[in-house]
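Peer 1: Give me coordinates for this.
(2 chains)
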Amino acid sequence: MSLSERELGSMTTTTEPPQDLEEPAGLVAAGTEVVGPLPAVRGDDGRSSLLLAGAVFVPFVVLVLRVVFLRQAFFLSGDTGLLDVEVLRALHFQQLLGPYDRYGWHHPGPIYPYLISFVDRGLGALKGAPSQAVVALLVNGLSIAGVVYVLGRLRGPRAATVSGVILLLTVFGIGPSYMLDPWNPYVVLMPLALFGCLLVCAALGSPVALAAAALVGTFDMQTDIGTVPIVVVGLVVALASLVVVRRRNSGPMPPLFTKGVVALGGITVLCWVPVLYQQFFVSPGNLSAIASFMLHAQDHPSMSAGGSAAGVALAWPLGAHLSAPATNMPAWLGSQLNTQPDRGLLAGLVVAAVVFALMWIGRRIGDRTVQAFAIAGLIGGAMELFSQASPSPDLPIRSSCSGPVA
Amino acid sequence: MFWAGGVTIVALLGYGLLLVRCPRAAGRRAGVVAVVTLLATSVALTVWAATTPKLIVRVGSTQNTGKVWSAVAPVLRTGSREVVGVSFDDAGLILAAGVADQLAEHDVAFTVPAQWNWAFGPGTIQRSTERLSLTEPDAVPAGFHVVTTVDGVAIGYDPSGTKT
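Peer 2: Sure, this is the predicted structure:
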């Protein structure tokens, strides 16, 4: 018997006929229905999930307070220095694009600099590094809390609890340095996990979840272009599933256009206005530059083989983003393979064994979520290994700069 | 990273094995245990967040940027009419971005070499008034007077320029 059936059976007070016990519990969990803004376990009013999400968020509040009360001035350099320049422009509502990329274009949109600028206004003299750290902490913390809340609504308090413990332990393992690191490839990882959970809800027929996923996905796409393939494919699949579910379901479904859907959708559209304005009214257009970079041969020394640019630009973040929610080990493993092949190979076998063990456990308990975790880890790990173990590109910028690049 | 992966995997394995080996784990009591575990984890992590000393190291970095800015700031405050130039020996865009950030923080407009325009330019609607330039070593304008050198970074000004 699967977890969810027993678990949900003990939690629900529904008078509906019992679920088919032979049906394995997957993402469309038995006992789950779409009656409110989000698909929810029957009988769950969301308060317990909210409480658990709040508990997960508390450590981040403490970290934010520590950063704020450090009351030290810091000097930023490299990518964070450029980001701060963009934040200063955002303070005057002049920033139209996202963080600068070393390949000579900007990530698509300015959500991230504007989020930091809002905190910048509040922190006053402490702006700069503390603002970036605070926003990174809030983004990570709220994303993790969001995952706990959504999973709690979707699969019950037990799922919220387990995901919360795992995520908190992951935060502990990663350490504060990555949680408050404002570098854009890091800051999109936790939102990507939330994005995935929202997609599941959307696929079950929730328009609010789809709108929320679109907003979270917009943040990811605008902040790091490496997330575009995952986000776009995910949104399309979820939208198609939502349409099918709503057509087939003869029971009560939430209305398509609620205030929440309209608000989230409006904010999402608003986020893309500066991007489109820059593309069509400022020369050269950033989207054109990105497309040109991805589709044409580059003049960078390490990218003389035309067409490989897109692969180099997308393989690493794609692999990292896929693998990170399951395990951060592939990144470490890839570096080991570069420096200590024997140790890396041994560790690779261990990781493979763990991934397959996860798949076995997921199959044994009939939990497709665990299986999906394992598969994501397998695919992401393979991509990460490929990108890390292959010869590292020099990653030059457009200039003749001979020094390292942030 | 290693610890993150290890802890995550152990937690998932433990959870899975608990469910496989112990059917009672799916009961209400186990649910209470799970919630208490989450709260305990949260409290432990909160204590850790409040006490870990590594936090301060990562929030910001003084590195070369601080030293360069310390050298640049007095030149800017002289009130003279020189155009200050910062030429980079080998630190490239990393250092340029840091110094440019300080200049922007202090409301000092700056220009960059043409190849760096994309990094500083297209994200804004209009460029600021050009007053200070950041250049690479092979692009230092003729006549620049080097004031000092900090960690391979030469800082100077153009005596013929005009500071607005």
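Peer 1: alpha carbons only for contacts and neighbour counts from here, please
Peer 2: Noted.
Peer 1: Show me the chain divided up by domain.
Peer 2: By default, I'm working from chain A. As recorded under automatic domain parsing, the domains making up chain A are A:25-295, A:300-393.
Peer 1: You answered for a different chain; I wanted chain B.
Peer 2: Taken from automatic domain parsing, chain B resolves into B:2-59, B:63-158.
Peer 1: Residue ranges in the chain under the pLDDT threshold?
Peer 2: Picked chain A for this. Scanning chain A for pLDDT under 70 picks out A:1-45, A:71-73, A:125-127, A:296-355, A:358, A:362, A:365-406.
Peer 1: that's the wrong chain, I meant chain B
Peer 2: Looking at chain B by pLDDT under 70, you get B:1-31, B:54-63, B:76-92, B:109, B:111, B:113-115, B:121-141, B:143-164.
Peer 1: Show me what the one helix or strand residue B:103 maps to is packed up against.
Peer 2: Using DSSP states H and E, residue B:103 sits in helix B:92-105. When contacts are defined as 3 or more C-alpha pairs under 8 Å, 6 or more residues apart in numbering or on different chains; DSSP states H and E, helix B:92-105 sits against helix A:78-91, helix B:63-76.
Peer 1: give me that answer again for 6 Å
Peer 2: Packing partners of helix B:92-105 (3 or more C-alpha pairs under 6 Å, 6 or more residues apart in numbering or on different chains; DSSP states H and E): helix A:78-91.
Peer 1: host element of the residue of the stretch 101-250 of chain A found nearest chain B?
Peer 2: In the stretch 101-250 of chain A, no residue comes nearer to chain B than residue A:173, which is 4.0 Å away by C-alpha to the nearest C-alpha. Assigning secondary structure by DSSP H and E places residue A:173 in helix A:157-174.
Peer 1: Following the chain onward from that helix, which element is next?
Peer 2: That would be, after helix A:157-174 and using DSSP H and E, helix A:176-179.
Peer 1: Now the element after that next one, going C-ward?
Peer 2: Using DSSP H and E, the next helix or strand after helix A:176-179 towards the C-terminus is helix A:184-187.
Peer 1: after that next one comes which helix or strand?
Peer 2: Next element after helix A:184-187 (DSSP H and E): helix A:189-203.
Peer 1: need the next SSE after that following helix, C-terminal direction.
Peer 2: For helix A:189-203, the following helix or strand on the C-terminal side (DSSP H and E) is helix A:207-223.
Peer 1: Any chance you could list what contacts that following helix?
Peer 2: For helix A:207-223, contacts defined as C-alpha atoms under 6 Å, 6 or more residues apart in numbering or on different chains pick out A:37, A:98, A:107-109, A:188, A:195, A:198, A:201-202, A:227-228, A:231, A:256, A:261, A:264-265, A:268.
Peer 1: relative orientation of that helix and helix A:189-203 in degrees?
Peer 2: Here the directions of helix A:207-223 and helix A:189-203 differ by 150 degrees (axes from the mean of the first three to the mean of the last three C-alpha atoms, to 10 degrees).
Peer 1: hang on, the earlier thing: please indicate which of the contacts of helix A:207-223 are buried?
Peer 2: Among these, the ones that count as buried by 16 or more other C-alpha atoms under 10 Å in any protein chain shown are A:37, A:98, A:107-109, A:188, A:195, A:198, A:201-202, A:227-228, A:231, A:261, A:264-265, A:268.
Peer 1: about what we covered before: what about the contacts of helix A:207-223, which are in helices?
Peer 2: Among those, DSSP state H puts A:195, A:198, A:201-202, A:228, A:231, A:261, A:264-265, A:268 in helices.
Peer 1: could I get these as CSV with distance to residue A:85?
Peer 2: CSV is the format used below for the ones in helices among the contacts of helix A:207-223 (distance: C-alpha to C-alpha, whole Å):
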residue, distance to residue A:85
A:195, 29
A:198, 33
A:201, 38
A:202, 37
A:228, 25
A:231, 28
A:261, 34
A:264, 29
A:265, 29
A:268, 24
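Peer 1: Same list (those) but as TSV, adding distance to chain B.
Peer 2: Formatted as TSV, those follow (distance: C-alpha to the nearest C-alpha, whole Å):
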residue	distance to chain B
A:195	20
A:198	21
A:201	22
A:202	25
A:228	20
A:231	23
A:261	30
A:264	25
A:265	25
A:268	20
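Peer 1: Just flag the most distant two among the residues you listed.
Peer 2: Spanning the widest gap among those are A:228 and A:261, at 22.1 Å by C-alpha to C-alpha.
Peer 1: quick one, longest helix in chain A?
Peer 2: helix A:129-155.
Peer 1: Sorry, wrong one. I was asking about chain B.
Peer 2: helix B:28-51.
Peer 1: in it, what counts as buried?
Peer 2: Using 16+ other C-alpha under 10 Å as the test for burial, helix B:28-51 gives B:28, B:31, B:34-35, B:37-39, B:41-43, B:45-46, B:48-50.
Peer 1: Please list the outside residues in contact with it.
Peer 2: Against helix B:28-51 from outside (C-alpha under 6 Å, 6+ apart): A:56, A:59, A:63, A:158, A:161, A:165.
Peer 1: helix or strand for the second one, which one?
Peer 2: Translated: residue A:59. Of the helices and strands defined by DSSP H and E, residue A:59 is found in helix A:47-68.
Peer 1: Okay, buried residues for that helix please.
Peer 2: A:48-50, A:52-64, A:66-68.
Peer 1: Give the other helices and strands that it contacts.
Peer 2: Applying 3+ C-alpha pairs under 6 Å, 6+ apart, one finds that helix A:47-68 contacts helix A:129-155, helix B:28-51.
Peer 1: Which among these is found nearest to residue B:104?
Peer 2: helix A:129-155 (14.1 Å).
Peer 1: Report the angle between the closest one and helix A:78-91.
Peer 2: Calculated by the same axes, to 10 degrees, helix A:129-155 forms an angle of 90 degrees with helix A:78-91.
Peer 1: and the angle for helix A:129-155 with helix A:157-174?
Peer 2: Angle, helix A:129-155 to helix A:157-174, by the same axes, to 10 degrees: 150 degrees.
Peer 1: quick check, residue A:253 in a helix?
Peer 2: No - judged by DSSP: H, G, I helix; E, B strand; the rest coil, residue A:253 forms no part of a helix; its state is coil.
Peer 1: what about it, neighbour count?
Peer 2: 18 (other C-alpha atoms under 10 Å in any protein chain shown).
Peer 1: gap between it and chain B?
Peer 2: 30 Å (C-alpha to the nearest C-alpha, to the nearest Å).
Peer 1: cool, and residue A:267?
Peer 2: Taking C-alpha to the nearest C-alpha as the measure, residue A:267 and chain B are separated by 21 Å.
Peer 1: go on, residue A:356?
Peer 2: 11 Å.
Peer 1: And that residue, which helix or strand is it part of?
Peer 2: helix A:341-364.
Peer 1: Extract the C-alpha trace of stretch A:226-236 and format it as PDB.
Peer 2: C-alpha atoms of stretch A:226-236 as PDB (Å, rounded to 0.1, in the frame of the first residue of the first chain):
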ATOM      1  CA  GLY A 226      19.900  28.800 -18.700                       C
ATOM      2  CA  THR A 227      16.500  28.100 -17.200                       C
ATOM      3  CA  VAL A 228      14.500  29.100 -20.300                       C
ATOM      4  CA  PRO A 229      14.300  25.500 -21.800                       C
ATOM      5  CA  ILE A 230      13.000  24.000 -18.500                       C
ATOM      6  CA  VAL A 231      10.600  26.800 -17.800                       C
ATOM      7  CA  VAL A 232       9.100  27.000 -21.300                       C
ATOM      8  CA  VAL A 233       8.700  23.300 -21.700                       C
ATOM      9  CA  GLY A 234       7.200  23.000 -18.200                       C
ATOM     10  CA  LEU A 235       4.700  25.800 -18.800                       C
ATOM     11  CA  VAL A 236       3.600  24.400 -22.100                       C
END
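Peer 1: Identify each buried residue in it, please.
Peer 2: A:226-228, A:230-231, A:234-235.
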